[in-house]
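**Student:** Got a predicted model here, sequence first, then my questions.
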Amino acid sequence: MIPYGKQLISQADIDSVVAVLQSDWLTQGPKVPAFEAAIANYCNAQYGIAVNSATSALHIACLALNVSEGDTVWTSPISFVASANCALYCGAKVDFVDIDLATGNMSVSALTDKLISAKQNNCLPKVVIPVHLAGQSCDMKAIYDLSKQYGFKIIEDASHAIGAQYNGNKVGCCEFSDITVFSFHPVKIITSAEGGMAVTNNQQLAKKLQRLRSHGITNDPNEMTEPSHGPWYYQQIELGFNYRMTELQAALGLSQLDKLDEFVTTRNAFAISYSNAFETMPLSHLKQLTQCYSSYHLYVVKLADEHSHLHRHIIEQLRSKGIVSHLHYIPIHTQPFYKAMGFKDSDYPNAMKYYKTAFTIPLHPQLTEQEQSYIINEVGKLL
């Protein structure tokens, strides 16, 4: 089977993990801060806070921005459920902004209309979480301008998008957001096995994120309620979690980071080949905006409307041919858990149209030209 995504682990990656296993530190050692600094430097951000998953990063990012009961967070319905669940973990409500069908990302026009209505009804969001679907940044400048007008904070869910660029700057520089979140799951651009990171340019947010990932504990005398009792002393000053990243994960992430740009270049080359091949077929791919450079975590194609009835058939037939086609994603608001909150399929028509026509085909650095040709030919036969 040709997987839709797959990690590429080198001997250098293995050696870096083995070195940690042979060291004195398996957790809370020097590799985690080194990985944090390396990611922040790569993105041109001030601070990096490593955690055990992007879901954890989203959760503490919401908490760092004081999301709590009575607040509302908006995100995209076309994402993994974690993009919405993180707000519920804080006791807040969740709502969604429909997508732009061309890019699959949050629609700026839909966001604008929803904000106008929300202001009239006194129910503006506290935080908006744009999701960089498949590795392409949302139109962050436009969303940022709206945040200044309507007073909400921004968390970029860039789980797909490390190595991507927007307006010539790396995704993660936080020029147009308060916090950006990355994922290092094995199918993502680079991996730390499991793991995630939040980056920010705000020192106070960084300190709060650091506390929240480790039980709400601080050993900084400036944050304590009384003078330190000694070098062993710490205080829990808020309720946090055990979301720490291990030294093993950080060592793997550091080694993988050396290959990030190479991985992204390879993914873009495969994406161009796909796009060229599909020009003569009744398919479209996610439109790439001129101000964006995608990291191409996924390659998503959409059937023409007249072929939408073949959607499930094509995915199943590709799998029968040894090609793992997938669907990213089932609209969050259609999940039973969210329907129980009152959401209806018809609430976000573009998201539903996307769901009925889009499918993902394999794209990863270990894909060969022969495998890609086979995938293209099999898609062509089915159409």
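**Tutor:** Yep, it's here. The model shown is predicted, which means the values in this text are computed figures rather than measured ones.

**Student:** neighbouring contacts of stretch 288-296?
**Tutor:** Contacts of stretch 288-296 from elsewhere in the structure, counted by Cβ atoms under 8 Å, 6 or more residues apart in numbering, are 103, 134-137, 139, 160-167, 171, 189, 264, 267-268, 270-271, 363. In short, each C-beta sits where N, CA and C put it, glycine included.

**Student:** Generate a ChimeraX selection restricted to the buried subset of those.
**Tutor:** What follows is the ChimeraX syntax selecting those of these that are buried according to 16 or more other Cβ atoms under 10 Å:
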select :103,134,135,136,137,139,160,161,162,163,164,165,166,171,189,264,267,268,270,271,363
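
**Student:** In helices, which of the contacts of stretch 288-296 fall?
**Tutor:** Per DSSP state H, helices hold the following members of the contacts of stretch 288-296: 264, 267-268, 270-271.

**Student:** For those, give me TSV that also has pLDDT and distance to residue 311.
**Tutor:** Converted to TSV, these look like this (pLDDT from 0 to 100; distance: Cβ to Cβ, whole Å):
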residue	pLDDT	distance to residue 311
264	98	29
267	98	25
268	98	26
270	98	23
271	98	21
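
**Student:** Kindly indicate which of these lies nearest residue 251.
**Tutor:** residue 264 (21.5 Å; Cβ to Cβ).

**Student:** pLDDT score for residue 307?
**Tutor:** At residue 307, the predicted lDDT confidence score is 88.

**Student:** Tell me what residue 217 is bridged to.
**Tutor:** According to DSSP bridges, the partner residues bridging residue 217 are residue 236.

**Student:** what sits against it?
**Tutor:** Under the criterion of Cβ under 8 Å, 6+ apart, the contact list for residue 217 reads 211, 234-237, 240.

**Student:** I'd like to know which of the residues you listed are buried.
**Tutor:** Applying a neighbour-count criterion of 16+ other Cβ under 10 Å, the buried members of these are 211, 235, 240.

**Student:** Which parts of the stretch 151-300 of the chain are helices?
**Tutor:** Shown for the stretch 151-300 of the chain, the helices assigned by DSSP state H, counting those that start in this stretch span residues 203-212, 247-257, 260-277.

**Student:** Mind listing what's buried along the longest one?
**Tutor:** To tie it back to what came earlier, the one meant is helix 260-277. Buried residues in helix 260-277, defined by neighbour count with 16+ other Cβ under 10 Å: 260, 263-264, 266-268, 270-271, 274-275, 277.

**Student:** Need those in a markdown table (columns: distance to residue 77).
**Tutor:** Converted to a markdown table, the buried residues of helix 260-277 look like this (distance: Cβ to Cβ, whole Å):
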| residue | distance to residue 77 |
| --- | --- |
| 260 | 29 |
| 263 | 29 |
| 264 | 27 |
| 266 | 30 |
| 267 | 25 |
| 268 | 27 |
| 270 | 28 |
| 271 | 24 |
| 274 | 25 |
| 275 | 25 |
| 277 | 30 |
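
**Student:** okay, among the residues you listed, which ones form the most distant pair?
**Tutor:** Comparing the members of the buried residues of helix 260-277, the greatest separation, given Cβ to Cβ, is between 260 and 277, at 26.4 Å.

**Student:** Quick one: neighbours of residue 15, just the number.
**Tutor:** 11 (other Cβ atoms under 10 Å).

**Student:** Next one: it from residue 251, what distance?
**Tutor:** Separation of residue 15 from residue 251 (Cβ to Cβ, to the nearest Å): 9 Å.

**Student:** and residue 209, what does it touch?
**Tutor:** Residue 209 is in contact with 47, 49, 60-61, 64, 179, 198, 200, counting by Cβ under 8 Å, 6+ apart.

**Student:** can you pick the most crowded of those?
**Tutor:** For the contacts of residue 209, counting by other Cβ under 10 Å, the largest number of neighbours falls to residue 198: 35 neighbours.

**Student:** Next, the contact list for that one, please.
**Tutor:** So, once contact is read as Cβ under 8 Å, 6+ apart, residue 198 ends up touching 48-49, 51, 57, 60-61, 179-182, 209.

**Student:** Now, those that are in strands?
**Tutor:** 48-49, 51, 179-182 (DSSP state E).

**Student:** quick check, nearest of the residues you listed to residue 353?
**Tutor:** The shortest gap between residue 353 and any of these belongs to residue 181, at 27.3 Å (Cβ to Cβ).

**Student:** Grab the nearest non-local neighbour of that closest one.
**Tutor:** Once its chain neighbours are removed from consideration, residue 181 has its nearest residue in residue 57; the separation is 4.4 Å (Cβ to Cβ, 6 or more residues apart in numbering).

**Student:** Residue 119 too?
**Tutor:** Excluding the flanking residues, the one nearest residue 119 by Cβ to Cβ, 6+ apart is residue 150, at 6.5 Å.

**Student:** before we move on, back to that, in JSON lines, list the ones in helices among the contacts of stretch 288-296 along with distance to residue 292.
**Tutor:** As requested, the ones in helices among the contacts of stretch 288-296 are arranged in JSON lines below (distance: Cβ to Cβ, whole Å):
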{"residue": "264", "distance to residue 292": "13"}
{"residue": "267", "distance to residue 292": "14"}
{"residue": "268", "distance to residue 292": "12"}
{"residue": "270", "distance to residue 292": "17"}
{"residue": "271", "distance to residue 292": "13"}
